[in-house]
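Engineer: no FASTA, just this:
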């Protein structure tokens with residue numbers, strides 16, 4: 001028996017390869033099928049099942065293409081209804097893969113159809129449980145992503161409590177826990193950087209499993225949930241209803257376009273120009289109105305959070321040799337409408353003497369000098385709420401990058417904005433987005449808050465816990 005976790009850092013996602021006696025099962029595969037097909041061919045084995053733990057919201061699963069290419073069966077848990085052929089498992093139903101068995105445990109809560117898969121070895125001993133988004137390492141799945149009809153997040157949280165208490169907690173302490181996600185995923189709020197654990201350790205360390213009552217559990221798992229990214233519902237629907245073959249998506253997106261053809265395609269299709277180079281390269285020169293989201297950061301989640309129309313036509317500016325990678329990573333989160341890339345990269349655009357724009361970047365030392373003479377300049381902090389609450393520049397204004405689309409009305413195109421994040425990636429995304437929307441006076445702070453702290457030349461606040469903030473607010477109204 002072989003169990004292999006195939007972890008993708010950009011999405012903080014774990015897919016699984018299970019092999020026994022010449023037969024294979026995959027659990028929650030990503031959109032790209034070729035690496036899985038290569039693995040199976042090398043091992044000389046046959047894929048029997050592709051198990052899905054639920055309708056994923058944060059990525060488009062590869063189950064449809066993989067099952068089609070391997071003549072295998074897609075298995076969902078009870079209540080799952082799809083627009084394509086699948087097998088719906090009964091709660092407790094057992095599937096044989098070689099000499100091992102995989103039992104479906106219906107665990108509604110994260111979503112109504114959520115199902116865990118319990119693996120037993122050839123002796124019948126429970127070895128591992130693949131928990132999807134029901135149980136993470138240090139956390140559980142958020143219960144607010146599948147609300148519909150009269151079903152509320154409190155209802156789903158209650159269902160999740162029952163699922164964990166009756167299906168997961170009774171498992172032996174040495175059963176290995178393999179979740180669908182780790183730290184960095186928006187499917188939970190307190191996930192560990194570890195991607196594997198045991199039932200025993202989770203009983204001891206996981207805050208949600210230590211809740212003494214159903215009411216306490218419901219309160220703790222629903223408290224402090226951030227708004228889910230807008231693309232989540234769209235990805236879940238694609239996973240439920242089906243999608244275009246990944247081969248067709250890549251073939252369409254991997255079209256090399258000359259600078260003239262690139263410009264014509266962008267204009268004719270009203271396509272977004274997406275520049276995926278490093279932020280420092282982007283700042284030095286980019287195609288006017290291009291949006292920066294670099295491949296070397298959390299590319300797919302930021303695409304999904306900020307590009308509202310999942311069917312938006314896209315043309316790419318990428319480092320030469322990474323164009324197909326960019327197309328694939330867009331497709332992982334359902335952005336299937338890339339129509340080509342700039343052949344030769346940005347250098348080809350420059351060599352064609354096309355118009356170029358730039359973003360001004362300054363060091364923290366230069367920012368400190370500017371503040372000495374102009375203490376009222378506008379500084380935008382693009383980090384997340386928790387980062388800003390922990391410590392920030394005294395004179396900064398917080399506009400988290402993932403809230404930018406909702407907060408555009410708060411910004412003035414006539415003002416100059418100095419923008420920073422933690423290290424420079426998110427601030428350049430924000431600067432490029434603002435520039436494309438008509439903001440001309442933008443200054444990026446190189447190295448972000450980490451460089452600001454290291455310089456020691458600017459005043460930052462100390463941590464303010466939420467309770468202290470509430471007290472301060474109450475006192476200010478007296």
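Structural biologist: That came through fine. Everything quoted here is computed from the prediction, not taken from an experiment. Residues are numbered from 1 along each chain as shown.
Engineer: what about residue 209, distance to residue 170?
Structural biologist: From residue 209 across to residue 170, the span is 12 Å (Cβ to Cβ, to the nearest Å). Where you see a C-beta, it was placed from the backbone N, CA and C, and this is true even at glycine.
Engineer: which one's more surrounded, the two?
Structural biologist: Higher neighbour count among residue 209 and residue 170: residue 209, with 20 against 9, using other Cβ atoms under 10 Å.
Engineer: wasn't the more buried one part of a strand?
Structural biologist: No. Counting by DSSP: H, G, I helix; E, B strand; the rest coil, residue 209 is located in no strand; its state is helix.
Engineer: just to check, it is in contact with residue 201?
Structural biologist: No. If you go by Cβ atoms under 8 Å, residue 209 and residue 201 don't touch, sitting 10.1 Å apart.
Engineer: in the chain, which helix or strand is least confident?
Structural biologist: Within the chain, no helix or strand scores below helix 466-476, which has a mean of 33 by mean pLDDT, DSSP states H and E.
Engineer: I'd guessed residue 391 sits against residue 461; true?
Structural biologist: Yes. When contacts are counted by Cβ under 8 Å, residue 391 is listed as touching residue 461 (6.1 Å).
Engineer: how much space between residue 153 and residue 228?
Structural biologist: 11 Å.
Engineer: just residue 273 next, same as before
Structural biologist: 27 Å.
Engineer: those two: which has the busier surroundings?
Structural biologist: In this view residue 273 and residue 228 are compared by other Cβ under 10 Å, and residue 273 has more residues nearby, 22 against 16.
Engineer: and the gap between that one and residue 312?
Structural biologist: When residue 273 is compared with residue 312 (using Cβ to Cβ), they lie 11 Å apart.
Engineer: cool, residue 63 as well?
Structural biologist: According to Cβ to Cβ, residue 63 and residue 312 sit 25 Å apart.
Engineer: equivalent analysis for residue 425, please.
Structural biologist: Taking Cβ to Cβ as the measure, residue 425 falls 21 Å from residue 312.
Engineer: which of those two has more residues huddled nearby?
Structural biologist: residue 425 (21 against 16).
Engineer: which SS class is the spatially closest residue to the more buried one that is not a sequence neighbour?
Structural biologist: Leaving aside its sequence neighbours, residue 425 sits nearest to residue 297 (Cβ to Cβ, 6 or more residues apart in numbering; 4.3 Å). At residue 297 the chain is in coil, as set by three-state DSSP.
Engineer: let me know how buried residue 297 is, in neighbour terms.
Structural biologist: Residue neighbour count, defined by other Cβ under 10 Å, stands at 20 for residue 297.
Engineer: separation between it and residue 9?
Structural biologist: Residue 297 sits 11 Å away from residue 9, going by Cβ to Cβ.
Engineer: what do you get for residue 77?
Structural biologist: 27 Å.
Engineer: residue 112 too?
Structural biologist: Taken as Cβ to Cβ, the span from residue 112 to residue 9 is 29 Å.
Engineer: same deal with residue 70?
Structural biologist: 26 Å.
Engineer: ranges for the strands of the stretch 301-450 of the chain?
Structural biologist: 314-317, 338-342, 360-362, 378-381, 396-398, 417-420, 442-445 (DSSP state E, counting those that start in this stretch).
Engineer: any chance of those in JSON lines, plus distance to residue 245, mean neighbour count and mean pLDDT?
Structural biologist: Output for these, formatted as JSON lines (distance: least, Cβ to Cβ, whole Å; neighbours: other Cβ atoms under 10 Å; pLDDT from 0 to 100):
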{"stretch": "strand 314-317", "distance to residue 245": "18", "mean neighbour count": "26", "mean pLDDT": "98"}
{"stretch": "strand 338-342", "distance to residue 245": "15", "mean neighbour count": "24", "mean pLDDT": "98"}
{"stretch": "strand 360-362", "distance to residue 245": "41", "mean neighbour count": "16", "mean pLDDT": "95"}
{"stretch": "strand 378-381", "distance to residue 245": "41", "mean neighbour count": "22", "mean pLDDT": "96"}
{"stretch": "strand 396-398", "distance to residue 245": "43", "mean neighbour count": "18", "mean pLDDT": "94"}
{"stretch": "strand 417-420", "distance to residue 245": "40", "mean neighbour count": "25", "mean pLDDT": "97"}
{"stretch": "strand 442-445", "distance to residue 245": "39", "mean neighbour count": "23", "mean pLDDT": "97"}
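Engineer: between those, which gets nearest to residue 42?
Structural biologist: strand 338-342 (29.9 Å; Cβ to Cβ).
Engineer: which strands and helices sit next to that closest one?
Structural biologist: Packing partners of strand 338-342 (3 or more Cβ pairs under 8 Å, 6 or more residues apart in numbering; DSSP states H and E): helix 246-253, strand 256-257, helix 259-268, strand 314-317, helix 323-331.
Engineer: need the contact list for the spatially most central residue of the chain.
Structural biologist: The centre of the chain sits closest to residue 301, judged by Cα atoms, centre = their mean, with a distance of 3.7 Å. Contacts for residue 301 (Cβ atoms under 8 Å, 6 or more residues apart in numbering) come out as 10, 11, 58, 184, 186, 229, 333.
Engineer: which of these tops the neighbour count?
Structural biologist: Top of the contacts of residue 301 by neighbour count (other Cβ under 10 Å): residue 333, with 28 neighbours.
Engineer: mind listing what that one touches?
Structural biologist: By Cβ under 8 Å, 6+ apart, the contact set of residue 333 is 11, 58, 59, 60, 231, 235, 300, 301, 303, 304.
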